[in-house]
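Chemist: output the structure for:
(one chain, ligands or ions: 1)
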Amino acid sequence: MSPSPSPFPPPLPHRPPVLPLSVALGGRRPTLLLTGGAGVLGRALIDELAAEYRIVCLRHRTPLQDPRVQEVGADLLAPGLGLTPAVWRRLAAETDVVVHSAAATNWRAEPAEIRRTNIEGTRAMLELAEAAGAPLYYMSTAFVANPPSAENAERFPGAAAYLVSKAECEEVVRDSAVPAVILRPSVVMGDSATGHISGAQGLTRALGAIVKGQVPVLPGAPEARIDTVPQDVVARATGDLVRGGVTGGAYWLTAGEHALFQHEVVETCLEFAERYGPRPHKPRMIPLEAVNRLLLPLIDGAGFPASLRRRLRDYAELLLVFQRDLPLGTSLGTSPGAPPGAVLGGEAVSRDFLRQALVRNLEYWAGRPGGMRTRRGAEPRPAATVTRELAS
Ligand SMILES: NC(=O)c1ccc[n+]([C@@H]2O[C@H](COP(=O)([O-])OP(=O)(O)OC[C@H]3O[C@@H](n4cnc5c(N)ncnc54)[C@H](OP(=O)(O)O)[C@@H]3O)[C@@H](O)[C@H]2O)c1
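Modeler: Model (predicted):
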């Protein structure tokens, strides 16, 4: 399926695929320079690419401690990436491919800081890629298709700065002379088979709160789409493009029309909760228009306990950014520009696959601190007493 119309500029013109690098390099393992390797997607990208690439990670604060990669301390915001000129030049000489996945993703940070990290960081990585003569794969977001309204930008400045900066980064990438691929994942969940995820995502916390019965109202209509894709699906699609030598284009790594509806996500959470005890109260879902007009002013007023107010604001922020009534476009499974028989943009996802992946993610969350493990009596009931099995 081709991507649905977006308010943002059209995808980059497609550049013809080149020979896979290892072939072009006469069998030498190509060097891939990765930013954000310690992040949620970075870890999944390492799993996907480590077998074929020598991976050098520009790491920031978090050590990777992964024997498959070489770490180099760096800061996107520092002049020359915070590298010595000699190290910068060495990296430029060694690098065959750049994957730029690092970004300021914390919406509680200063909006100006978010913008600077994302935009200046992308410029700095393009500069290095240009010196290396290497293509750059830029990890954007599918929610560039959801530009924040003025009202939401005022109410949620961090989330708005993130979204606007990601769209501006795409422009910076598009305007550069470096052959570049733009990747647009939707909300990334943990691994489709194990549920494993290396960081706490806002969405996981929100779903966990539904499982615990802590969510009285949920911003967004039952039919709103929650477009979320497992991290391994995003990593596989990225890997396909890198390995396939694709050096142009924009790819929507999304569920698209297969994205689950909010009521299905909620139902999955409630059924999952039944493994631990009585079914929690179903959150009342309210249409998005009513969130801004009614719910948020109500929350901001007196009378709501501070913790509930904070939680509802967090959900509203998350869902205002990540929900859409219409499906996003998707490139998964389309292999645009691929030679016959080759897959370049990952596999398409089905609704069943997504539902099962969601259950695996809930299982992983439930077994972690802050999940269901620490709650008194919150061990799963024996299989025989679980009346409805969630995933086949
Ligand atoms: N996760 C999602 O749902 C999702 C969805 C769509 C698109 N994306 C995009 O995918 C990319 C990866 O997301 P993610 O979820 O993996 O993010 P993440 O878990 O928050 O990781 C972000 C990474 O960026 C690094 N970083 C932040 N500031 C830096 C700086 N100044 N210099 C160098 N590195 C810096 C962080 O290092 P430290 O932690 O050491 O600071 C971390 O490794 C981002 O571009 C994001 O916008 C993510």
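Chemist: and the host helix or strand of Leu34, what does it pack against?
Modeler: Using DSSP states H and E, Leu34 sits in strand 31-35. In terms of contacts (3 or more C-beta pairs under 8 Å, 6 or more residues apart in numbering; DSSP states H and E), strand 31-35 is packed against helix 40-49, strand 54-59, strand 97-100, helix 111-132. Backbone N, C-alpha and C define where each C-beta goes, glycine included.
Chemist: report the angle between that strand and strand 54-59.
Modeler: 20 degrees (axes from the mean of the first three to the mean of the last three C-alpha atoms, to 10 degrees).
Chemist: ok, back up a step: and among the helices and strands packed on strand 31-35, the most buried is which?
Modeler: The highest mean neighbour count among the helices and strands packed on strand 31-35, using mean count of other C-beta atoms under 10 Å, belongs to strand 97-100: a mean of 27.
Chemist: show me what that one is in contact with.
Modeler: 21, 30-36, 45, 49, 53, 121-122, 125, 128-129, 132, 134-139, 238, 242 (C-beta atoms under 8 Å, 6 or more residues apart in numbering).
Chemist: re earlier: the strand holding Leu34: partners in the sheet, and parallel or antiparallel?
Modeler: Each strand that pairs with strand 31-35, with its direction, by DSSP bridges: strand 54-59 (parallel), strand 97-100 (parallel).
Chemist: any chance of TSV for the ones you listed, columns distance to Gly256?
Modeler: Below are the strands paired with strand 31-35 laid out as TSV (distance: least, C-beta to C-beta, whole Å):
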stretch	distance to Gly256
strand 54-59	30
strand 97-100	23
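Chemist: ok so, going back, the helices and strands packed on strand 31-35: which one's closest to Met372?
Modeler: Nearest of these to Met372, taken as C-beta to C-beta: helix 40-49 at 21.5 Å.
Chemist: quick one, the closest one and strand 31-35 angle?
Modeler: Per the same axes, to 10 degrees, the angle that helix 40-49 makes with strand 31-35 is 160 degrees.
Chemist: against which helices or strands is helix 40-49 packed?
Modeler: Short answer (3+ C-beta pairs under 8 Å, 6+ apart): helix 40-49 packs on strand 31-35, strand 54-59, helix 231-243.
Chemist: report how many residues lie close to whatever residue of the stretch 1-150 of the chain ends up closest to the ligand.
Modeler: As assessed by C-beta to the nearest ligand atom, the ligand sits closest to Gly39 within the stretch 1-150 of the chain, at 2.3 Å. Neighbour count for Gly39, taken as other C-beta atoms under 10 Å: 21.
Chemist: before we move on, what about Asp66?
Modeler: Asp66 is flanked by 18 other residues according to other C-beta under 10 Å.
Chemist: let's verify Asp326: helix, strand, or coil?
Modeler: Not quite, residue 326 is Leu, not Asp. What DSSP: H, G, I helix; E, B strand; the rest coil gives for Leu326 is coil.
Chemist: avg pLDDT for stretch 269-280?
Modeler: When pLDDT is averaged over stretch 269-280, the result is 96.
Chemist: ugh, wrong one, stretch 243-261
Modeler: On average, stretch 243-261 scores 92.
Chemist: and for stretch 152-161?
Modeler: With pLDDT averaged residue by residue, stretch 152-161 scores 89.
Chemist: just the buried positions in that stretch, please.
Modeler: Within stretch 152-161, the residues that count as buried by 16 or more other C-beta atoms under 10 Å are Asn152, Ala153, Arg155, Phe156, Pro157, Gly158, Ala159, Ala160, Ala161.
Chemist: tell me which parts of the stretch 151-300 of the chain are close to the ligand?
Modeler: Within the stretch 151-300 of the chain, the positions adjacent to the ligand are Lys166, Pro185, Val187, Val188, Gly199 by C-beta under 6 Å from any ligand atom.
Chemist: among these, name the buried ones.
Modeler: Buried members of those, scored by 16+ other C-beta under 10 Å, are Lys166, Pro185, Val187, Val188.
Chemist: just these now: which is nearest Gly367?
Modeler: Closest approach to Gly367 among these (C-beta to C-beta): Val188, at 19.7 Å.
Chemist: past the helix or strand that contains Cys269, which element shows up next along the chain?
Modeler: When elements are assigned from DSSP H and E, Cys269 belongs to helix 262-273. Downstream of helix 262-273, the first helix or strand assigned by DSSP H and E is strand 284-286.
Chemist: out of the buried residues of stretch 152-161, which sit inside helices?
Modeler: Judged by DSSP state H, the subset of the buried residues of stretch 152-161 located in helices is Asn152, Ala153, Arg155, Pro157, Gly158, Ala159, Ala160, Ala161.
Chemist: brilliant, that's me finished.
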